[in-house]
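1. Got a predicted structure plus its sequence, pasted below:
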Amino acid sequence: MLAHTHDSEFDTGPRSVGAGTERLCVSTRTVKPVAEMIRFVVGPDGEVVPDLKRKLPGRGIWITATPSAMAEAVRRGAFGRSFGREVKIPPDMIQATERLLERSALDALAIAGKAGQVVTGFSKVEAALVRDQVVAVLRAGDAAADGVRKIAGAIRRRMEAEGRKISVIDAFTSAQLDLALGRPNVIHAALLAGPATQTFVARCALLARFRAGEPGQQTDRNTPKQMPKD
């Protein structure tokens with residue numbers, strides 16, 4: 001018999017989730033901001049589905065965005081207990097969720113590119129770091145060391161001049177960036193201020209939390225880095 005489900009474990013649908021919302025994690029039993037969590041719903045076939053965009057209909061439950069929290073939820077039967085019914089758990093749910101998080105971030109990058117909020121090319125990125133409102137710098141994970149060092153110097157000078165951090169995101173390969181932005185040989189890119197960029201950076205942060213494995217902890221990727229000296 002399934003345990004009684006407390007209403008606090010659910011949301012009432014996507015409209016109940018807004019900026020600053022907090023939810024109960026059914027795995028850790030702690031309340032966290034939804035920015036650090038993943039929403040799950042049950043699909044028509046009874047399979048548990050991650051709702052990364054928080055738009056799927058129906059009542060949902062929330063789990064801290066880490067593999068360990070998801071694994072513990074599966075081990076404890078928290079999905080079935082919280083939904084109050086038998087559900088199907090895909091055997092590769094954790095790996096599939098990471099792939100979906102990565103895909104979601106790249107989709108957001110594509111939208112930012114179409115919105116004109118992405119500047120690509122080494123010299124154009126250097127110029128943007130001097131004159132434009134750059135929120136973050138994107139570089140391919142397989143970027144050459146010399147280019148990384150030069151861009152790092154430009155980032156550091158801009159941060160020192162303005163007294164603010166500029167994130168460096170290197171979670172993706174050049175091939176992934178090429179595909180997302182629809183252009184060849186994307187190694188460095190500057191992300192300009194705008195709603196689409198904000199969405200991309202937020203999705204990268206969630207991906208980083210997931211890969212780090214601990215809530216609130218971030219990996220070396222997707223985060224402001226210590227810049228090497230010129």
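-> Everything's here; your move. Numbering: from 1, shown residues only.
2. make it CA atoms for all contacts and neighbour counts henceforth
-> Fine.
3. Just the element for the closest residue to T97 other than its chain neighbours, please.
-> Nearest non-adjacent residue to T97, counting by CA to CA, 6 or more residues apart in numbering: P50, 6.9 Å away. Using DSSP states H and E, P50 falls within strand 48-51.
4. T197 reaches K114, doesn't it?
-> No. Here T197 does not reach K114: they are 10.9 Å apart, not a contact under CA atoms under 8 Å.
5. could you pull out the strands for the protein?
-> 22-24, 31-33, 37-42, 48-51, 61-64, 118-120, 134-139, 167-169, 188-192 (DSSP state E).
6. So which of those has the densest surroundings on average?
-> Burial of the strands of the chain is given as mean neighbour count (mean count of other CA atoms under 10 Å); strand 61-64 ranks first at a mean of 28.
7. Residues touching that one, excluding its own?
-> 9-11, 23-28, 32, 36-41, 69-70, 82-83, 215 (CA atoms under 8 Å, 6 or more residues apart in numbering).
8. Please repeat the previous calculation with a cut-off of 6 Å.
-> Identification of contacts with strand 61-64 by CA atoms under 6 Å, 6 or more residues apart in numbering yields 10, 25-26, 37-40.
9. so which of these would you say is closest to A154?
-> Closest to A154 out of the contacts of strand 61-64 is M37 (33.9 Å), distances taken as CA to CA.
10. Is that closest one bridged to anything, and to what?
-> With beta bridges defined as DSSP bridges, M37 has these partners: T64.
11. go on, P50?
-> Here P50, judged by DSSP bridges, has bridge partners F40.
12. can you pull out the helices in the protein?
-> Listed in chain order, the helices of the chain (DSSP state H) span 67-75, 78-83, 93-114, 122-131, 145-162, 174-181, 195-212.
13. I'd like those helices as TSV, with mean neighbour count, mean pLDDT and distance to K55 appended.
-> Converted to TSV, those look like this (neighbours: other CA atoms under 10 Å; pLDDT from 0 to 100; distance: least, CA to CA, whole Å):
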stretch	mean neighbour count	mean pLDDT	distance to K55
helix 67-75	17	95	20
helix 78-83	21	92	18
helix 93-114	19	97	13
helix 122-131	17	95	34
helix 145-162	16	93	36
helix 174-181	18	97	23
helix 195-212	22	94	15
